[in-house]
Structure formats: structure tokens, C-alpha cells
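Colleague: just to be clear, the model below is a prediction. Sequence and coordinates:
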Amino acid sequence: MSPPSGPPGKSNRRAGILIATLGVEPQVVTITLDHLLSGGEAISEVVVIYTETPRVREALRVIEGEFQGAVYPGIQLRTVPVTSTDGPVGDFCTDKDLRALLRTLYVEIRRARQAGDIVHLCISGGRKVMGILGMVVAQLLFGPEDRVWHLITEGWQPGAGRRLHLPPGEKVWLVPVPVLRWSEAGVLMQTVAEMNDPAEVVAWHEKISRATRIKRQREFIERWLTRAEREVVRLACQGLDNAAIAAALFKQEQTVANQLRGVYEKLRDWLGYPAGNVDRSKLIAEFAPYFALVEEVKQGEDY
């Protein structure tokens, strides 16, 4: 299987590294990588952090087999055992084992950050404590673009048949886990402490939330959509129907309909596969305020 191709226009993203904790299910790594690639992430290296047990070793061999073939051309695999001063760690039974895990995660994430790569940390594999300490390190080291991911595949249960790659249409979710970065927490706590009125805190929080939402919307419009799709979405958010959009852009009406269908698929992915339809009304509800704001700013600059 070849890695899925990403949405158009996203190939200019900064290089990223997938760092994944591994248990006995190798597909956690391959499905996560497939999903990131299909989303347009430019993954150049996969780092698998593992414990030294026969079953985990077997899972590791399966992953190595995928990278030795033609499945992931151009992507380097590096395997990193959790190692303490006593040697490779088989399980996390002592304080020394946990400190070895913490150090391993810290070293690998810091290495990726220092290289200027975007970090994608998947914490769905291995012992739960691997995910917990992964979150600790993410809070310490992560930048704004780094992400912690939790993989969910519909219907899968531990012990179910192994499928390293899922066919198109199979339901899989890569859920971003919120990370409160400690570098931001200090500013946040200081700002809150300086406010005497709780209403000020609420207003300030709402302002920050709005800014974050606008930033995410801009990322979708500018990085997930092609230039042609952006124009179609902008006009749809102004209330134009397909015929009016086609006339405005000198296109066939069917072309506009096809482009909007592609946009709905990307929007569904961007929204994290919500329940219910992702259609024109959802698109307009999400982005009409954004385009109104952009137009407002543009008009302000003209005066």
C-alpha cells in the first residue's frame, strides 16, 4: 500500500516527526501515520518508543517490515528502547523505570523540536503510563504547532484481527488531545491574577477563545483548500447559490458542485468527523463570520 496523498496545497508544510509509543499492536503506528499523511502532513521520520518484551518486539518487527518495503518511501524509521542504567526496560514497575521512560520521551521530543520539526506524538500504543508521561513532556516542550494524538478506529477491540492499513471509507479518528503548555500557563495565571473582576476574566477568556477559533478557521481556508475552493467557499458564505457562484467565477455549475463536495469532505475531517451531515449550512455557519471579519478588516485597511 502507498501512503495516502494529502489535500492539495498542503505539501508546503514544515516537516514533521511522528513519535509513537508502542505496545503489542503495530497497527497503531501504521494507521496513525497513514492518517497523518492523508491529511497532508509532511512526515519525514517515525520514532517508535518501546519496551523490551517478546510481544512488543514482535510488533516492532512488523513495523520494521513495513518500512523495509515500498509502503513508506522517503520516511525514516527509528526505534528507541526505553533504557535505564540497569539496561532495557521491560515494564514500568519501579521509579527508575518511570524515570527512564520520562527521559526517553523528553530526549526524543526535544531532539525533534531542536531540529525545527513539527512533533506529532501518538500516545495510543503501549502502557497507559507511556501516554501520561508523554503528556507531561508535551506540556514542557511543545510549541504551538505540535500535537498529541489519540487514535480511535471504529469497532476495533484488543485482540481483534490486525489490519496495518485501513481501506478508504473505514472510520478512523485521530483525535487531538489538548495540551496546556507550561510556557503559556505562566502568562495565563499572571493575567488572571491581575484581574479583580471575574467578569473581566470571562471576557478575556472569550477574547482568547475567539482569537484561537479565527486562527484555526484561517488555517483551514488557507492551508486545507485550494485557491479555487477558497473562492467558491467565500461566495457560498455570502449566500450565493451554485448557479450564481458559477456565473461569478465563469465556471460550470457542476464544477462548483464538485468543488463544494470536496470542501465538505475536508471540513468533515477538520471538524473531527462530527455526527450529522457536513454540508452547505454547516460550512456557512462555520465560515460566514470569518469571511465577514476578513472583509471588515480589508475595508478598514482601504480607508
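Modeller: Received, thanks.

Colleague: hey, let's count contacts and neighbours off CA atoms from now on
Modeller: Noted.

Colleague: packing partners for the lengthiest strand in the chain?
Modeller: The residue-count maximum for a strand in the chain (DSSP state E) belongs to strand 42-50. In terms of contacts (3 or more C-alpha pairs under 8 Å, 6 or more residues apart in numbering; DSSP states H and E), strand 42-50 is packed against strand 15-21, strand 76-81.

Colleague: list of residues touching the first one?
Modeller: This means strand 15-21. The contact list for strand 15-21, computed with C-alpha atoms under 8 Å, 6 or more residues apart in numbering, reads 29, 33, 41-50, 108-109, 112, 117-126, 130-131.

Colleague: quick check: angle from the helix or strand just after that strand to strand 15-21?
Modeller: Downstream of strand 15-21, the first helix or strand assigned by DSSP states H and E is helix 27-38. For helix 27-38 against strand 15-21, the angle by axes from the mean of the first three to the mean of the last three C-alpha atoms, to 10 degrees is 160 degrees.

Colleague: quick thing: my sequence starts at 430, can you match it?
Modeller: Okay, residue one is now 430; in that scheme the one you just asked about reads as helix 456-467.

Colleague: just the CA atoms of helix 456-467, as PDB, please.
Modeller: Output of helix 456-467 as PDB, limited to C-alpha atoms (Å, rounded to 0.1, in the frame of the first residue of the first chain):
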ATOM      1  CA  GLN A 456      -1.200  -1.000  13.500                       C
ATOM      2  CA  VAL A 457      -1.500   1.900  16.000                       C
ATOM      3  CA  VAL A 458       1.700   3.300  14.400                       C
ATOM      4  CA  THR A 459       0.800   2.500  10.700                       C
ATOM      5  CA  ILE A 460      -2.800   3.700  10.900                       C
ATOM      6  CA  THR A 461      -1.700   6.900  12.700                       C
ATOM      7  CA  LEU A 462       1.000   7.500  10.100                       C
ATOM      8  CA  ASP A 463      -1.500   6.800   7.200                       C
ATOM      9  CA  HIS A 464      -4.000   9.200   8.600                       C
ATOM     10  CA  LEU A 465      -1.400  12.000   9.100                       C
ATOM     11  CA  LEU A 466      -0.200  11.500   5.500                       C
ATOM     12  CA  SER A 467      -3.700  11.500   4.100                       C
END
